[in-house]
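Novice: Need a 3D model of the sequence below.
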Amino acid sequence: MHFYKDKILSDGQLKRLSEHKYNSESKSLLDAFLQPYWNWLVRQVPIWLAPNLITLSGLIINIVTTLILIYYSADAKSDAPRWAFFLCGVGLFAYQSLDAIDGKQARRTGTSSPLGELFDHGCDSISTVFVAASACIAVQLGHYPTWMFFQCFCAMTLFYCAHWQTYVSGTLRFGKLDVTEAQATIMLIHLISTIFGPSIWMTKIPPLEYFELRYVIGMFTLFGASLNLYNMFLVIISGGGGKNGSTIAVPVATVSLNVIASIGCLTGYLRNFFQFCQVFESGGVGKNGSSVAGTSVLSPIIPFGLVVVPAYIIYRKSVQAVYENNPVLYIMAFGMVAAKVTNRLVVAHMTKNEMEYFDSALIGPLMLFLNQYFNFYISEYIVLWMCLIWVLFDLMRYCSAVCLEICNYLRIQLFRIPVGGGPVPVIQSGQVPTSDKNGAASAQGLTRTSVSSGSSLLSGTSRLLSRQGQGGHSGIGGQAASRGSSESLVDLRTER
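Specialist: Numbering: from 1, shown residues only. Sure, this is the predicted structure:
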């Protein structure tokens, strides 16, 4: 259990993380369409800008624009100004774009590293909570608290399961309808709320007198989620890559247009569910179908279950209606707990280590549970705020500690590209190498080259200009260069 250890990662974990190789498969329909835009966008980014700083900037934009929307509709029922929905949609687009080019910038500057992949997934785990909450506000799902609870936790569960099947199979898989498509759908929802107002989702659809438009979104969500989760579970159930199959360590007659929207999102969740099951069925990469850590392929279900089950029990047992009165605050509190647990799963995968079941972030939900058990000695609203504050503190402490430990071990910097030489990718015709959704560089346009560790940033810039934008610098991931060695550029970053 991670409380306040002097060191979170052992030397063995750090060594295995330094040897980690990123592997992904993507069948996304929109990614191929957006690749030219992303390739153009990364060429507009200054060569000195660190990839992790790009990722963090996108997350901050996403959080700030969502918080503005939450300020006007904290109960997910109130009518927020239309510009707030537009701003939130733009913020999500900015996050998607910056998240897509961080891996390209890493290859462009020769600064790919396991830390970049971990940092990217960590930001995604936090963004998932804010994006799900903003979508619920846009269609005013606060009128249906149970539906909103299900919608938000579906998003968190899908994100966790994606990394669960990665822990089992060693490969991060993306389906035809996945992250990019989900983000585009939510942007469209925000655009509709901007043009017509959020009340449009309350529109009754003829001839079903009580069927609202927002139910369509729910249907698509359910379908997509089921398919994706099914494919993921097929991988997990079939066994992992470790030893012995272990790991690498609502009636129609009473529903309106906003519920249709919600059901539409749920169809997407169902599709992901089916894909998830297929991954489990095919087996893990460990010995006898185990996970990458050689542990049981089903072991990651316990940590996440300790988040979802208490969240539902506390919601149903509350006599003060703490969730119904504060749905967004409640989702944020438990969403940050889910983000912490997901981060630990990603770390377990990349370090090929067993995942601990209990976590210090669970102290937050425990406060709510004990307060209910002792007959609400303190107002649940106050305890909910205490829970959120504790979880945010614990999440930030854990993430910062892990990043610092990795930086110290790899001798790299988190938000800077240090002065010095490193592997320089030679890109034909000044183009950024194409990649899949998660930054796996294409073999086209990327050749092996190296520079001495004593070369300076100015020297690297000169080479860049002479090659018309074909080079880069060492930095994050340039540990080998600092030791004077030469090696090929290996992309270990993710773009989603």
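Novice: buried ones in whichever strand or helix holds residue 88?
Specialist: Secondary structure from DSSP states H and E places residue 88 in helix 82-108. For helix 82-108, the neighbour count (16 or more other CB atoms under 10 Å) marks 84-108 as buried. Backbone N, C-alpha and C define where each C-beta goes, glycine included.
Novice: got it, and stretch 53-71?
Specialist: Quick answer for stretch 53-71 (16+ other CB under 10 Å): 53-59, 61-63, 65-66, 68-70.
Novice: same question, stretch 35-47
Specialist: For stretch 35-47, using 16+ other CB under 10 Å, the buried residues are 35, 38-39, 41-43, 45, 47.
Novice: quick one: the strands in this protein?
Specialist: 24-26, 172-174, 211-212, 246-247, 256, 295-296 (DSSP state E).
Novice: Give the rounded mean pLDDT of the longest helix along the chain.
Specialist: Across the chain, the helix with the greatest residue count (assigned by DSSP state H) is helix 380-410. Averaged over helix 380-410, pLDDT sits at 93.
Novice: And for stretch 100-120?
Specialist: Mean predicted lDDT for stretch 100-120 stands at 89.
Novice: Pass me the low-pLDDT residue ranges in this structure, would you?
Specialist: Applying pLDDT under 70 to the chain flags the ranges 1-5, 205-297, 418-496.
Novice: try 80
Specialist: 1-6, 23-27, 169-171, 173-178, 202-299, 375-377, 418-496 (pLDDT under 80).
Novice: which one of the buried residues of stretch 53-71 sits closest to residue 18?
Specialist: residue 55 (20.2 Å; CB to CB).
Novice: which ones are touching that closest one?
Specialist: 98-99, 102, 119-120, 123 (CB atoms under 8 Å, 6 or more residues apart in numbering).
Novice: so how far is residue 120 from it?
Specialist: 6 Å (CB to CB, to the nearest Å).
Novice: okay, now the residue nearest to residue 189 when sequence neighbours are not counted: neighbour count?
Specialist: The shortest distance from residue 189 to any non-neighbouring residue, by CB to CB, 6 or more residues apart in numbering, is to residue 138 (5.0 Å). Residue 138 has 29 neighbours, counted by other CB atoms under 10 Å.
Novice: how far away is residue 138 from residue 96?
Specialist: 16 Å.
Novice: what about the nearest residue to residue 363 once chain neighbours are set aside, how many neighbours?
Specialist: Among residues not flanking residue 363 along the chain, residue 390 sits closest, at 6.1 Å (CB to CB, 6+ apart). Using other CB under 10 Å, residue 390 has 20 neighbouring residues.
Novice: what do you get for the one 5 residues further on?
Specialist: Applying the criterion other CB under 10 Å, we find 21 residues in the vicinity of residue 395.
Novice: so residue 414 touches residue 118, yeah?
Specialist: No - Residue 414 lies out of contact with residue 118 (CB atoms under 8 Å); the separation is 10.8 Å.
Novice: out of the two, which sits in the more crowded spot?
Specialist: Counted by other CB under 10 Å, residue 414 and residue 118 do not tie: residue 118 has more neighbours, with 26 against 17.
Novice: The more buried one: what's it in contact with?
Specialist: If you count contacts by CB under 8 Å, 6+ apart, residue 118 has them with 346-347, 350, 402-403, 406.
Novice: Make CSV out of the residues you listed and add neighbour count and distance to residue 309.
Specialist: Formatted as CSV, those follow (neighbours: other CB atoms under 10 Å; distance: CB to CB, whole Å):
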residue, neighbour count, distance to residue 309
346, 23, 22
347, 23, 23
350, 28, 27
402, 23, 26
403, 17, 30
406, 24, 32
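Novice: before we move on, back to that, identify the contacts common to residue 55 and residue 120.
Specialist: Shared contacts of residue 55 and residue 120, counting by CB under 8 Å, 6+ apart, come down to 99, 102.
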